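Sharing a model prediction with you, sequence too.
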Amino acid sequence: MRDRRVISASGTDTPKYVGKKFGRLIARKVPKTVSPRFVRILTVCEVMVVMSVFYLVDWYHNRRPMPSWVLTLAGGTLIAIIAIAIALLTLPGLRNQSAILRSRARALPPGRKSVVRVYGILIGTWGFFGPYLIWYLLPESADHSRPLGYDLAILAFAASQGDLFLASINSIRGREPGEGSSPPEL
């Protein structure tokens, strides 16, 4: 029975060995890159978090009335984050994607690591000062209502945060902006 042992190496670069039943090495092709779908899921969740946190801080800090859809967005964001956390722990495909992304981030050359750090600094700085800029440029009216372009400014802020996050992930993946579209998924 000992020679029928199977050593599975899903998510790594090592091949899959099969015992003496087949008598040879069977290598499986294991993806070495992060799936564009995984990156899009992370980016959409990041944009949802930015928008819901912005509106909730705006409601708490500035005492502005909250639109009715913000609680739905915040609840959906919480459920999406919990679902992704559970999926990352239980589904091998997503766990492998996050492991690939993590290992690629650790193995970056020093020049590219500094680029990723700059993206992180930009995300943090823009995330901290962006709301203050919006609150300063679009002040509240006397009845604490929002001006016309307020929601568009928040959407633009969240989209810019998403773009910075996507650029950071793409620099870890090894793709430069404008390098063409992602390869088709199978």
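Perfect, thanks for sending it.

okay, CA-based contacts and neighbour counts for the rest of this
OK.

in whichever strand or helix holds residue 89, what's buried?
Using DSSP states H and E, residue 89 falls within helix 68-90. Buried positions in helix 68-90, judged by neighbour count with 16 or more other CA atoms under 10 Å: 70, 73, 74, 76, 77, 78, 80, 81, 84, 88.

Now find how far off-centre that helix is within its chain.
13 Å (CA atoms, centre = their mean, to the nearest Å).

Could you identify the helix or strand that succeeds that helix?
Heading C-terminal from helix 68-90 (DSSP H and E), you reach helix 92-106.

Can you spell out which helices and strands pack onto the following helix or strand past that following helix?
Remark: after helix 92-106, the chain's next helix or strand is helix 110-137, criterion DSSP H and E. Applying 3 or more CA pairs under 8 Å, 6 or more residues apart in numbering; DSSP states H and E, one finds that helix 110-137 makes contact with helix 150-173.

quick one: contacts of the helix it packs on?
Helix 150-173 has contacts (CA atoms under 8 Å, 6 or more residues apart in numbering) with 33-34, 39, 43-44, 46-48, 50-51, 54, 101, 104-105, 108, 112, 115-116, 119-120, 122-123, 126-127, 130, 134, 138, 176-177.

Send over that helix as CSV, restricted to the C-alpha atoms.
The C-alpha coordinates for helix 150-173 follow below in CSV (Å, rounded to 0.1, in the frame of the first residue of the first chain):
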residue,chain,number,x,y,z
TYR,A,150,-21.1,65.4,-3.8
ASP,A,151,-22.0,61.8,-4.6
LEU,A,152,-20.0,62.1,-7.9
ALA,A,153,-17.0,63.4,-6.0
ILE,A,154,-17.2,60.4,-3.6
LEU,A,155,-17.6,58.0,-6.5
ALA,A,156,-14.5,59.6,-8.2
PHE,A,157,-12.6,59.3,-4.9
ALA,A,158,-13.5,55.6,-4.5
ALA,A,159,-12.6,55.0,-8.2
SER,A,160,-9.2,56.6,-7.8
GLN,A,161,-8.6,54.5,-4.7
GLY,A,162,-9.5,51.4,-6.7
ASP,A,163,-7.2,52.5,-9.5
LEU,A,164,-4.3,52.9,-7.1
PHE,A,165,-5.1,49.5,-5.5
LEU,A,166,-5.3,47.9,-9.0
ALA,A,167,-2.0,49.4,-10.0
SER,A,168,-0.4,48.2,-6.8
ILE,A,169,-1.6,44.6,-7.4
ASN,A,170,-0.6,44.8,-11.1
SER,A,171,2.9,45.8,-10.1
ILE,A,172,3.1,42.8,-7.8
ARG,A,173,1.8,40.6,-10.5
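
Alright, calling it a day.
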